[in-house]
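Participant: Have a look at this prediction, sequence included:
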Amino acid sequence: MNRLACFQNDFTNALYGDAADFKPAHQAAFAIYRNTAMRACLDALEANYPAVVCLVGREWFRAAAAIHVTESPPRDPRLTTYGDDFAGFLGAFPPASELPYLADVARLDRLWTEGFVAADADVLDASMIASLGPDALGALRLHRHPAARTFASSLPAVSIWQASRNGMAVSADLVWRAEFAIVTRIDHEVSVTPVDAAAWRLFQASTEGASLADAALSTLETHPDTRIDLLLASLLQAGAFAT
Amino acid sequence: MSPAAGIGFKPQHFDAAMSGTSDALWLEVHPENYMVDGGPRLAMLDALAGRFPLSLHGVSLSLAAAALPNAAQLQRLRRLIDRVDPVLVSEHMAWSSWAGRYVPDLLPFPRTHEALAQLVRNVVHAQERLGRRISLENPSHYLVLEGHEWSETDFLGELVRRSGCGLLLDVNNVYVSTHNLGEDPLVYLDTFPLHAVTEIHLAGHAPDDTGTALLIDSHDAPVADPVWSLYRHVLSRAGVRPTLIERDGDVPSFTTLLAERERAHALLNSEGLTA
C-alpha cells in the first residue's frame, strides 16, 4: 500500500476511535474533523426521521443516532437518503423498548423519503379505466407507481406517525390496534394515506403481477365483506398506480 | 460566463429566487442533493436551470483519495451535468471516501509527489467521464501535517499544468487556513496560480468553540471584513471572476443574502470598469 493510502487508512480509523498510533489525531484540531463528520451524519438522520425526533426529543434522538452512526457510518455520499437501517437499529435498541412503536414510526419516515426521491411517472387516473368493460377490467394488470409504498404495523403507528410528523401530540383517544397505510406522490407531494387491511391487501396483490380479477379474489378470501370497487377507487385516488 | 456574483442556493429560497429580478444572478448547488431518481427536488433543479445559470459544486468525488473516484458517483454527476448544462462544475482538493466508507467532510493529506500524481490521475479521469473541465477548490486547514513536499500554491499550479483543470479560489478558506497554520494570506494569494481561477468563493467563518484558537470554515455567518479585503486584493491582481456567496448554516432570508451578493457584484462591476 502506498503512503497516501496508509495515511487515509490511519485517518479514517482515527476518526472512528482508534487514534493512538496516528500522530495528527493527537492535535486538538483533529476533533474538528471528527465533530464535523458526526454533525453532518446526525443532521442527515434528524432531517430524514422527523417523526421519530418529535416523539423522543432532539437530545435523545441525537444521542441514539450517534451510536447508530458509529455502528453504520455512511457508505454513500447522498446523505439525503442516509439511514436506511435506522428503523432496525431502533427496534433492537434497548433504551427504546418502552416505545414499541418507535421502529415502525421510523420505517414510515423512511418510506416517506423513498417516496420523495423515487422516479417520476404519470399517475393512473380513475377516468383512464372507467371506460373498460368488465372483462378488460378484470384482466387489467396494474403497475405500482415508483413512489408508492405499502406500510403495515401491528400497532397504531400510522396515527402516531401522522401526529408526530406534524409536530403534534398523539391524540388521547388513540385506539391500540394494527394500522395500514400507503405512501404515494401526486404532483410532487408525498402523502401517507391510512387504509384498511383489505385495501392494503388489494394493493399488494395487484402490484405483484396478478390481474385485477385475481387480486380482487385474493382480497375477498381474507376480507369477504369488502367492496372491491370502493377499495380500487380509494387506491386510484391516492395515486398508487402508474399509467 | 459573465463575471457576475452568485449565491449558494438553499431550497427554502426557491420562491424568492424565482420571483426575483436581480441583474445577472447565478446560483450554485451541491449536486449530491439532487442525485435522486425523480420527485420535487429534481423538478426544483429543472426550474432553477430554466431560469438561472447554474454551477454544480460537488463535495463527494474524493479526488485526493488514493483511488479513482467512484464510478457510480461520476455517472450520477454526469447525468446532472447533461440535465442542467451548468456554466461551472467544481469539486474540492480533498478526500472523503475511503475503503467503502464516506466521511461527510473534506479531509486533508500530505502534499507529496505521490499524492500529486494520484490527484492528477483522478482529476483527468473525472474530466474524461464528465466530458468537461472541472475546477478544484483550495481547502480549509486545521491540522499541521508532516511530510509536505510541495507548498499548496505550487501544488495547485502543478495540478493545473498536468491535468488541465481550473481552480476555485475560496478566499475565506485562505483566510481560515493561513490563520490556523500561522501563515500570511497575502503571501498565499500572491503565489496562487490566479490565471487558472474560474470562480471565487466568499463565506463566513467562526471561532472554534472547543477552546482552541482555530477558525472554522463554518459558512454560518456573513463574509468577514478581512475576507472582503483579501477579495479586493484578488480582484486587483486577477481581474474579475464569477464570485459566489456561500451560506450553509444560520441561513438568513434570500433578501439578506442578496444584499451580500450585491456587495460582491458592485466590486466586480467597479473592478471591471477600471480594468
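Facilitator: Structure received. Everything quoted here is computed from the prediction, not taken from an experiment.
Participant: Quick one: mean pLDDT for the longest helix belonging to chain B?
Facilitator: Ordering each helix of chain B by length in residues (DSSP state H) puts helix B:254-274 first. Averaged across helix B:254-274, pLDDT comes to 90.
Participant: which parts of it are buried?
Facilitator: By neighbour count on 16 or more other CB atoms under 10 Å in any protein chain shown, the buried set for helix B:254-274 is B:254, B:257-258, B:260-265, B:267-269, B:271. Glycine gets a C-beta too; all of them are placed from N, C-alpha and C.
Participant: list the helices and strands that helix packs on?
Facilitator: With contacts taken as 3 or more CB pairs under 8 Å, 6 or more residues apart in numbering or on different chains; DSSP states H and E, helix B:254-274 sits against strand B:5-8, helix B:14-19, helix B:225-238, strand B:243-245.
Participant: Take those and lay them out in TSV including distance to residue A:129.
Facilitator: Compiled in TSV, the helices and strands packed on helix B:254-274 are given as follows (distance: least, CB to CB, whole Å):
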stretch	distance to residue A:129
strand B:5-8	46
helix B:14-19	35
helix B:225-238	61
strand B:243-245	50
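Participant: Between these, which one is closest to chain A.
Facilitator: Nearest to chain A among the helices and strands packed on helix B:254-274 is helix B:14-19; the distance by CB to the nearest CB comes to 12.2 Å.
Participant: Pull the distance from the closest one to the chain's centre.
Facilitator: In terms of CA atoms, centre = their mean, to the nearest Å, the gap separating the centre of helix B:14-19 from the centre of its chain is 23 Å.
Participant: next one: stretch B:247-267
Facilitator: Offset of stretch B:247-267 from its chain centre (CA atoms, centre = their mean): 16 Å.
Participant: The residue of chain B most remote from its centre in helix, strand or coil?
Facilitator: Most distant from the centre of chain B: residue B:211, at 27.8 Å, with distances by CA atoms, centre = their mean. Classification of residue B:211 using DSSP: H, G, I helix; E, B strand; the rest coil returns coil.
Participant: ok, for it, nearest residue in space, not its chain neighbours?
Facilitator: What sits nearest to residue B:211 in space, not counting adjacent residues and going by CB to CB, 6 or more residues apart in numbering or on different chains, is residue A:28, at 7.6 Å.
Participant: what's that neighbour sitting at in phi/psi?
Facilitator: phi -60, psi -30 (degrees, to the nearest 10).
Participant: got the contact list for it?
Facilitator: B:210, B:211, B:212, B:214 (CB atoms under 8 Å, 6 or more residues apart in numbering or on different chains).
Participant: Which two among those are spaced furthest apart?
Facilitator: In those, the most distant members under the criterion CB to CB are B:211 and B:214, with 9.6 Å between them.
Participant: hmm, which helix or strand of chain A has the shakiest average pLDDT?
Facilitator: helix A:126-130 (a mean of 88; mean pLDDT, DSSP states H and E).
Participant: What's the first helix or strand after that one?
Facilitator: helix A:134-139 (DSSP states H and E).
Participant: Model confidence score at the residue farthest from the centre of chain B, please.
Facilitator: Listed pLDDT for residue B:211 reads 84.
Participant: Can you give me the distance of it to residue B:219?
Facilitator: Residue B:211 is 22 Å from residue B:219, where distance means CB to CB, to the nearest Å.
Participant: All the strands of chain A, residue numbers only.
Facilitator: With DSSP state E, the ranges of strands along chain A come out as A:143-144, A:149-153, A:179-186, A:189-195, A:241-242.
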